[in-house]
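Asker: pasting the sequence and the predicted model now:
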Amino acid sequence: MWQQLFKLDVTSDQSLQAQLRQTLVKAILDQRIPVDIPLPSSRELSRQLNVARNTVVLAYQHLIDEHYLLSLERRGYFVNPAILDGMVDAPRPGKRPVTSDTTYAESEEGPETVLDLLGQRNINRPLNWRQYEYPFIYGQTDSSLFPVNDWREACRLSLRVDAISRWTQDRVDHDDDLLVEQIHTRVLPRRGVWADKDEILITTGAQNALFLIGQLLLNSSSQVGLEDPCYVDARNIFALYTSNRVLFPVGRHGVVTDDRLAGCKMLYVTPSHQCPTTTTMSLEARKDLLRKSALHDVTIVEDDYESELNFVGKPTPALKSLDTGNQVIYVGSLSKTLAPGLRVGFMVGPRKFIRQARALRRLMYRHPPTNNQRTVAHFLALGHHDSALLRLTQAFKARWQVLDTALKQHDVFSAQAPSFGGSSFWVRLPEGVRARELESLAAENGIIINAGDHYFASREGPTNFCRLGFSSIAEEKIVDGLDKLALLTRQLKAN
């Protein structure tokens with residue numbers, strides 16, 4: 001029984017003692033160990049598992065301290081019945097076959113939802129992307145570039161007793177003061193944006209900010225302007241509130257608006273590094289867009305996507321920095337420069353709008369986790385973010401140059417180098433080559449790419465565009481990976 005219960009893995013990142021404790025806790029809480037049967041002695045279990053006796057002794061002692069086990073003199077170690085108090089003793093239900101006579105109450109599908117989101121077109125990327133030899137994936141963190149020691153220092157500061165006493169409290173709708181201060185004084189000024197603290201709201205990533213904005217500004221009669229192609233989740237979010245959309249094409253200098261802008265209540269743009277085409281809106285085009293939007297009373301939602309990843313030329317000021325009439329709601333995040341898994345973002349807007357957004361956020365989840373907020377705040381305050389950003393842009397610039405040169409060596413790829421750095425290329429494939437087929441074939445050969453179909457609003461849009469990211473692929477892998485991708489593209493073209 002015990003040998004079947006304990007499966008320890010010497011190759012695991014966890015210590016053997018931690019694995020043993022975790023296995024015991026699971027077995028106890030799953031009630032697989034009867035409370036009246038003693039566990040093996042430390043000597044006997046260490047012999048059965050072929051581990052040091054001290055490993056078992058320390059694991060047992062830890063679980064005694066946490067009230068999972070009792071050590072009874074001359075009897076041995078037993079499960080503490082008190083740890084199971086309050087658990088309902090109910091058998092796990094078996095699966096019931098669904099027939100035409102199955103009622104709603106008997107169905108595993110549950111109630112009919114008023115929204116059907118399962119039909120939306122989404123960008124799906126493999127979670128096991130690190131196992132691919134050539135991950136031309138975008139939006140992921142390269143662990144070799146992550147500032148581990150700096151992050152640990154920020155974590156240690158946020159785990160001090162006085163810090164824990166602050167962030168464990170329910171802050172209702174308030175954000176971490178230090179984080180707001182750092183965004184106010186460090187992050188936004190890099191983009192030329194100067195805002196008061198009560199004009200800033202912390203969000204769980206930029207996507208959450210877009211959801212709040214859509215819910216506050218749009219209804220079924222609203223008309224929203226979108227870039228085409230466009231960030232897929234932004235289009236999906238706004239579609240929850242209105243089906244009235246105006247699609248504006250993306251040119252060499254970003255989104256190209258026309259007279260249809262006059263009918264829009266809101267316009268969503270990614271001017272610094274258009275998603276997905278990578279074009280950058282010129283300063284003149286930004287000023288013209290602000291002028292036309294003011295004339296027609298259109299609110300601009302500026303998603304300052306990848307603005308920090310600037311290693312080619314001088315950065316163009318954010319639209320928000322040029323805004324003199326509170327037309328622009330600015331959305332940003334630390335996903336591309338720190339880690340997407342932290343889900344730390346922010347928005348900047350007029351005070352009244354931010355108060356409304358804060359009230360809406362309170363109803364949804366009150367505030368983002370305050371421990372993460374405080375850790376990120378320390379990371380910024382200690383200067384680690386600016387230092388990490390410098391290293392990141394240097395590494396990305398080298399990869400960008402290699403990929404740009406490699407793309408030009410293959411006539412099956414047509415791509416314009418991003419004018420503002422960033423972390424990906426928007427590539428056109430030969431006519432007749434479907435990006436989705438190439439994406440699937442590439443995956444079978446250890447290559448990850450992102451087919452571009454879903455970025456276009458129409459399901460009948462172009463099918464021969466793909467996105468190649470270089471944020472997570474080693475520089476020395478780029479040329480070989482692209483050579484293999486070009487070979488696969490030629491195979492599809494020949495067919």
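Answerer: Noted; the coordinates are in hand.
Asker: hey, let's count contacts and neighbours off CA atoms from now on
Answerer: Will do.
Asker: where does pLDDT dip in the protein?
Answerer: Applying pLDDT under 70 to the chain flags residues 1-3, 90, 92, 94-108, 311-313, 417-420.
Asker: can you list contacts of the helix ranked longest in the chain?
Answerer: Identified as the longest helix of the chain according to DSSP state H is helix 384-407. Helix 384-407 is contacted by residues 145-147, 150, 308-311, 337-338, 379-380, 413-415, 417, 421-423, 470-471, 474-475, 478-479, 482 when judged by C-alpha atoms under 8 Å, 6 or more residues apart in numbering.
Asker: likewise stretch 315-334?
Answerer: Taking contacts as C-alpha under 8 Å, 6+ apart, the residues outside stretch 315-334 that touch it are 191-194, 205-206, 209-210, 271-272, 282-283, 286-287, 290, 293-294, 297-305, 307, 340, 343-350, 420.
Asker: same thing but at 6 Å, please
Answerer: With C-alpha atoms under 6 Å, 6 or more residues apart in numbering as the test, stretch 315-334 has contacts from 191-193, 205-206, 299-304, 344-349.
Asker: number of nearby residues for L212?
Answerer: Neighbours of L212 under the rule other C-alpha atoms under 10 Å: 19.
Asker: just checking, next helix/strand downstream of the helix or strand where A234 lies?
Answerer: Assigned by DSSP states H and E, A234 belongs to helix 232-239. Following helix 232-239 in sequence order, the next helix or strand is strand 245-251 (DSSP H and E).
Asker: just list what that next one packs against, helices and strands only.
Answerer: For strand 245-251, the contact count by 3 or more C-alpha pairs under 6 Å, 6 or more residues apart in numbering; DSSP states H and E identifies strand 224-228 as packing neighbours.
Asker: hmm, back to that, quick one: the helix holding A234 to strand 245-251, angle?
Answerer: Relative orientation of helix 232-239 with respect to strand 245-251: 160 degrees, computed using axes from the mean of the first three to the mean of the last three C-alpha atoms, to 10 degrees.
Asker: report the angle between helix 232-239 and strand 224-228.
Answerer: Angle between the axes of helix 232-239 and strand 224-228 is 160 degrees (criterion: the same axes, to 10 degrees).
Asker: quick one: helix 232-239 to chain centroid distance?
Answerer: How far helix 232-239 lies from its chain's middle: 16 Å, per C-alpha atoms, centre = their mean, to the nearest Å.
Asker: same question, stretch 46-53
Answerer: Centroid displacement of stretch 46-53 relative to its chain, using C-alpha atoms, centre = their mean, is 42 Å.
Asker: now do the end-to-end distance for it.
Answerer: One end of stretch 46-53 to the other measures 5 Å (C-alpha to C-alpha, to the nearest Å).
Asker: restrict stretch 322-332 to CA atoms and write it as PDB.
Answerer: As requested, the backbone C-alpha atoms of stretch 322-332 are provided in PDB (Å, rounded to 0.1, in the frame of the first residue of the first chain):
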ATOM      1  CA  LEU A 322      -0.700  65.000 -26.800                       C
ATOM      2  CA  ASP A 323      -4.200  64.900 -25.400                       C
ATOM      3  CA  THR A 324      -5.400  68.300 -24.200                       C
ATOM      4  CA  GLY A 325      -9.100  67.600 -24.000                       C
ATOM      5  CA  ASN A 326      -9.500  64.400 -22.000                       C
ATOM      6  CA  GLN A 327     -10.300  62.500 -25.200                       C
ATOM      7  CA  VAL A 328      -7.900  59.600 -24.700                       C
ATOM      8  CA  ILE A 329      -8.100  56.700 -22.200                       C
ATOM      9  CA  TYR A 330      -4.700  55.200 -22.000                       C
ATOM     10  CA  VAL A 331      -4.100  51.500 -21.400                       C
ATOM     11  CA  GLY A 332      -0.800  49.900 -20.500                       C
END
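Asker: show me which of the contacts of stretch 315-334 are buried.
Answerer: In terms of neighbour count (16 or more other C-alpha atoms under 10 Å), the buried residues within the contacts of stretch 315-334 are 191, 193, 205-206, 299-304, 344-349.
Asker: straight-line length of stretch 252-270, end to end?
Answerer: Taking C-alpha to C-alpha, the span from the opening residue of stretch 252-270 to its closing residue is 13 Å.
Asker: in it, what's buried?
Answerer: Using 16+ other C-alpha under 10 Å as the test for burial, stretch 252-270 gives 253-257, 261-270.
Asker: who touches that stretch?
Answerer: With contact meaning C-alpha under 6 Å, 6+ apart, stretch 252-270 is reached by 223-226, 248-250, 279-282, 296, 298-304.
Asker: repeat for stretch 369-377
Answerer: With C-alpha under 6 Å, 6+ apart as the contact definition, stretch 369-377 has outside contacts at 154-155, 158, 167, 178-179.
Asker: please identify the buried residues of that stretch?
Answerer: Within stretch 369-377, the residues scored as buried using 16+ other C-alpha under 10 Å are 369-377.
Asker: give me the subset of these lying in helices.
Answerer: Within the buried residues of stretch 369-377, membership in helices is found for 370-377, as judged by DSSP H.
Asker: quick one on the thing from earlier: strands - which of the buried ones among the contacts of stretch 315-334 land there?
Answerer: Assigned to strands by DSSP state E, the following of the buried ones among the contacts of stretch 315-334 qualify: 299-303, 345-348.
Asker: what's the farthest-apart pair in those residues?
Answerer: T299 and G345 (20.2 Å; C-alpha to C-alpha).
Asker: how many other residues sit next to G446?
Answerer: G446: 16 surrounding residues under other C-alpha under 10 Å.
Asker: with C230 instead?
Answerer: The burial metric for C230, expressed as a neighbour count using other C-alpha under 10 Å, is 24.
Asker: cool, the one 10 residues further on as well?
Answerer: Residue crowding around L240 was assessed by other C-alpha under 10 Å; the count is 17.
Asker: could you report the separation of it from N208?
Answerer: According to C-alpha to C-alpha, L240 and N208 sit 14 Å apart.
Asker: again, but for C230
Answerer: Separation of C230 from N208 (C-alpha to C-alpha): 17 Å.
Asker: cool, and Q131?
Answerer: As defined by C-alpha to C-alpha, Q131 lies at a distance of 29 Å from N208.
Asker: quick check: closest non-adjacent residue to the most centrally placed residue in the chain.
Answerer: Centroid check for the chain by C-alpha atoms, centre = their mean gives P340 as the closest residue, at 3.9 Å. In this structure, P340 finds its nearest non-sequential neighbour in Q140, 6.9 Å apart by C-alpha to C-alpha, 6 or more residues apart in numbering.
Asker: count of neighbours near the one you found?
Answerer: The local packing count at Q140 equals 20, with neighbours defined by other C-alpha under 10 Å.
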